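Curious how this folds, go ahead:
(chains A and B)
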There are 2 protein chains.
Amino acid sequence: MSVKDKVAVIGVGYTRFGEHWEKDAEDLLIEAVYEALEDAGVTLQDVQAGWVGIFYDFTGCGGSTVSDILKWFGRPITRVENYCASGMDAFRNACFAVASGAYDVVLACGVEKILDQGSRGLPGIGEIGHPVYGSVSAPGMFALAATRCFHVHGWTREDLALVAVKNHRHGAAHPKAHFRREITVEDALRAPMIAYPLGRYDCCAVSDGAAALILARPEVARTCRHKDDYVLVKANALSVHTMLPMYQPGFDYLGWPATRDAARMAYAEAGIRNPREEISFAEVHDCFTITEILNYEDLGFCEKGEGVRFLREGIPYIDGKLPVNPSGGLKCFGHPIGATGCRMLVEVTKQLQGRADGLQVRDPRLGLAHNLGGAGTTASVTILGRRD
Amino acid sequence: MSVKDKVAVIGVGYTRFGEHWEKDAEDLLIEAVYEALEDAGVTLQDVQAGWVGIFYDFTGCGGSTVSDILKWFGRPITRVENYCASGMDAFRNACFAVASGAYDVVLACGVEKILDQGSRGLPGIGEIGHPVYGSVSAPGMFALAATRCFHVHGWTREDLALVAVKNHRHGAAHPKAHFRREITVEDALRAPMIAYPLGRYDCCAVSDGAAALILARPEVARTCRHKDDYVLVKANALSVHTMLPMYQPGFDYLGWPATRDAARMAYAEAGIRNPREEISFAEVHDCFTITEILNYEDLGFCEKGEGVRFLREGIPYIDGKLPVNPSGGLKCFGHPIGATGCRMLVEVTKQLQGRADGLQVRDPRLGLAHNLGGAGTTASVTILGRRD
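Sure, this is the predicted structure:
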């Protein structure tokens, strides 16, 4: 019941994330994919199949537009959509295909161009909603968890601000981040309110970007450019819960079952008994500061209710025991939905290879990437490890 | 490089296709999935992961709505989108996951509810198009191939009508078809013109429906209800070409490279040297009558330019040497996009088991299913075979 050690990451690439008014989704995807191909030392002709994570139809890319964009005709290309986990689920399906023996070398990528989403006359975020439940803003949904945690755990807006301060400190050093400056707790607290208690620095931005990974069977990886430092997939889990868990009776607003389930499955697959000791670092879904704190708990990095203490003890900082979002996270990169999961996996790969573009984690062995999508609906947890 | 014989189909189910004004996509999916579960003799709790093919966002189902619809929480569910091949590509990805060893039992399904697509205030078909190429009607696109074939091969509207007559003859016997009556060549020729030379009977309808398959590792299949007659996946190919091949310089309008590539890959995977002799029957993508004729050629059932002769010789009829669309095809079922590929695979499975719901093909051993999506952009070819 596992793809553990059956799939290698042999090349990665990604664009700078941010505002790209002069580029289209097509341009971004080309940039990311060709950087990954060059990193892997293979050509597009060596790649046998592709998966692309895209959330919004209207960003203009499906499987067949990927074919057009890359001038890569005749191969199988699949579009995967799974809310904010679209990119990581594209990677997951690519892994299955390699592990099944169907292909030797494949592409997993994600892209989203949302900043100018209205320019094509196609529907915007506000027009997309569930036919029954309707549409709720993301800050509004996650604010419910924050106020509940304030009530139950006694957390404060200052606790949330610490996440923003940490991630901006990390991201300030990353050449591909959208926001590259440090902020203070005061900056966060003084920022305009978006949905109480979430202010502007508690929310990730809407940015554009693309990311790509080349995967191969380990036997093939051993003949490629990164033959000495390719990275192995250790686990690949996805859990999908109800579309709007926050509206379900019994939901406690103190975490997300989808993340807990995906983490449990991933640790079982990777043979990890104690994630606090065994996971070297993690890129987690910090769409909002409250999300990151609850992710610590849901991923088993600390006990329930201990997320803020975990943060205040300095554990998730770059020089802490378990760095979380050493890249700067969604806080600094924004969240081009289909691209985010793949970007995290690019970061984890480069950290494990000791060539992080931002701050380097010290001697990591196992890195975790996590996406949370919808209203806490769907969660992906992928664990990568060094080949040795 | 193959999933051949690594995946078994252990249960299938599907709704009646047609007008379902009293049902929603949710109702259709539940009906199809529960029929498949009952057929397999397993419960939803036995199923470890799911894939769903849906083309239109606005039909109201994504991976997580599938979770809600089935009250099936915490499992991994992935939405796959690949134009008209969305359902068959969902099946393909499910196959990879089983063949990889990640899961023992999974669900592949597809659904689309388009007849009342405008009722939710979300964008209709006419509003969806490529940002660069714009939008073209499907009959308009396929009419170009028909007129070209008339010019090059001397085919006529009567030749096209023969496809409609054949498929209506087959579909008249199928309890789940949308249109269940035979027609004559005169009926077809006298019908209103849609896009010259394609009249109403040359075009498939927009219908609603859902279909589902339960897949398992063969070791597991041998312990299930269909242990003596489960069906094996022999090949699973997908090819994606340019988004609008018909607008490319050099396109000859006499067939689709995506189908030819997918067929070549599928035959190689299944070890088929001579499809005309080895394939027992096929469900092919007859979105338009001209498409079916060109599919004969692209799938290697006859030589290029010989499609009409193949048809006039009676070969693709139910009692012919290589029955094509014994179910009645898209002509009689309509084309609820995400559902169609899965429906074809349900039909092929039941034919191979000798329990077709419509006309039964005599003693089939290998059955082929084929989707063509977009403007001939993407093609899927799946080959299933009897376990013995």
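
So what touches stretch A:70-77?
Stretch A:70-77 is touched from outside by A:29-30, A:33, A:44, A:47-52, A:63-64, A:66-67, B:92, B:237-242, B:257-258, B:261, B:378, with contacts defined as Cβ atoms under 8 Å, 6 or more residues apart in numbering or on different chains. C-beta here means a position set from N, CA and C on the backbone, and glycine is covered the same way.

how about a cut-off of 7 Å?
Outside stretch A:70-77, the residues that touch it by Cβ atoms under 7 Å, 6 or more residues apart in numbering or on different chains are A:30, A:33, A:44, A:48-50, A:52, A:63-64, A:66-67, B:238-242, B:257, B:261.

residue contacts, the residue nearest to A:H20 when sequence neighbours are not counted?
Nearest non-adjacent residue to A:H20, counting by Cβ to Cβ, 6 or more residues apart in numbering or on different chains: A:D208, 4.7 Å away. Neighbour list for A:D208: A:G18, A:E19, A:H20, A:L28, A:E112, A:K113, A:I114, A:L115, A:P336 [criterion: Cβ under 7 Å, 6+ apart].

and the fifth one, bridged to which residues?
Per DSSP bridges, residues listed as beta-bridge partners of A:E112: A:G209.

Tell me the buried residues in stretch A:306-323?
Neighbour-count burial for stretch A:306-323, counted by 16 or more other Cβ atoms under 10 Å in any protein chain shown, picks out A:G307, A:V308, A:F310, A:L311, A:I315, A:P316, A:Y317, A:I318, A:G320, A:L322, A:P323.

Next SSE downstream of the strand or helix carrying A:L37?
A:L37 belongs to helix A:25-40 when assigned by DSSP states H and E. Going down the chain from helix A:25-40, the next helix or strand is strand A:49-53, by DSSP H and E.

What's the mean pLDDT across the helix or strand following that following strand?
Counting by DSSP H and E, the next helix or strand C-terminal to strand A:49-53 is helix A:63-70. In this model, helix A:63-70 carries a mean pLDDT of 81.

Same question for stretch A:324-342.
Across stretch A:324-342, the average pLDDT comes to 97.

who touches the closest residue to A:S67 other than its chain neighbours in this structure?
Nearest non-adjacent residue to A:S67, counting by Cβ to Cβ, 6+ apart: B:V240, 4.5 Å away. Counting by Cβ under 7 Å, 6+ apart, B:V240 makes contact with A:G63, A:S64, A:S67, A:R75, A:P76, A:I77, B:A258, B:T377, B:T378.

What are the phi and psi values at B:V240?
phi -120, psi 120 (degrees, to the nearest 10).

partners of it in the sheet?
Bridge pairing for B:V240 - DSSP bridges - gives B:T378.

confidence score at it?
Note on B:V240: pLDDT of 93.

try A:I128
For A:I128, pLDDT reads 47.

same check, this time on A:G250
For A:G250, the model assigns a pLDDT of 84.

Name the SS class of it, please.
With DSSP: H, G, I helix; E, B strand; the rest coil as the basis, A:G250 sits in coil.

Over to A:K6?
Going by three-state DSSP: A:K6 is coil.

swap in A:D228?
Three-state assignment for A:D228 (three-state DSSP): coil.

cool, A:C224 as well?
For A:C224, the assignment made with three-state DSSP gives coil.

Which residue is the nearest non-sequential neighbour of it?
That would be A:I10: by Cβ to Cβ, 6+ apart, it lies 4.9 Å from A:C224.

and the gap between that neighbour and chain B?
Taking Cβ to the nearest Cβ, to the nearest Å as the measure, A:I10 and chain B are separated by 18 Å.

Put the alpha carbons of the host helix or strand of that residue into CSV.
Using DSSP H and E, A:I10 sits within strand A:8-14. C-alpha atoms of strand A:8-14 as CSV (Å, rounded to 0.1, in the frame of the first residue of the first chain):
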residue,chain,number,x,y,z
ALA,A,8,12.4,10.0,-7.6
VAL,A,9,12.4,13.8,-8.1
ILE,A,10,15.2,14.5,-10.6
GLY,A,11,14.6,18.1,-11.6
VAL,A,12,12.7,21.1,-10.3
GLY,A,13,11.9,24.6,-11.6
TYR,A,14,9.7,27.6,-10.7
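
Please identify the pairing partners of it and their relative orientation?
According to DSSP bridges, strand A:8-14 has these partners: strand A:209-216 (antiparallel), strand A:231-240 (antiparallel).

Please identify the deepest-packed of these.
Ranked by mean neighbour count under mean count of other Cβ atoms under 10 Å in any protein chain shown, the strands paired with strand A:8-14 are led by strand A:209-216, which reaches a mean of 31.

Enumerate every residue touching A:N325.
Under the criterion of Cβ under 7 Å, 6+ apart, the neighbours of A:N325 are A:N167, A:H170, A:E283, A:V284, A:D286.

distance of it from chain B?
Applying Cβ to the nearest Cβ, the value for A:N325 to chain B is 24 Å.

Give me the spatial nearest neighbour of that residue, chain neighbours excluded.
Spatial nearest neighbour of A:N325, chain neighbours left out: A:N167 (5.2 Å); criterion: Cβ to Cβ, 6+ apart.

quick one: the strands in the stretch 251-388 of chain A?
Taking DSSP state E, counting those that start in this stretch as the criterion, the stretch 251-388 of chain A carries its strands at A:281-283, A:366-373, A:378-386.

Can you tell me the element the residue of chain A most remote from its centre falls in?
Using Cα atoms, centre = their mean, the residue of chain A lying farthest from its centre is A:G74. It sits 29.5 Å away. Assigned by DSSP H and E, A:G74 falls within no helix or strand.

so where's the stretch 51-200 of chain A uncertain?
Where the stretch 51-200 of chain A drops to pLDDT under 70, the residues are A:57-63, A:117-136.

Break down it into its helices, ranges please.
A:63-70, A:86-99, A:138-153, A:157-171, A:185-190 (DSSP state H, counting those that start in this stretch).

would you list those in JSON lines and tack on mean neighbour count?
Listed next are those as JSON lines, based on neighbours: other Cβ atoms under 10 Å in any protein chain shown:
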{"stretch": "helix A:63-70", "mean neighbour count": "25"}
{"stretch": "helix A:86-99", "mean neighbour count": "30"}
{"stretch": "helix A:138-153", "mean neighbour count": "19"}
{"stretch": "helix A:157-171", "mean neighbour count": "23"}
{"stretch": "helix A:185-190", "mean neighbour count": "16"}
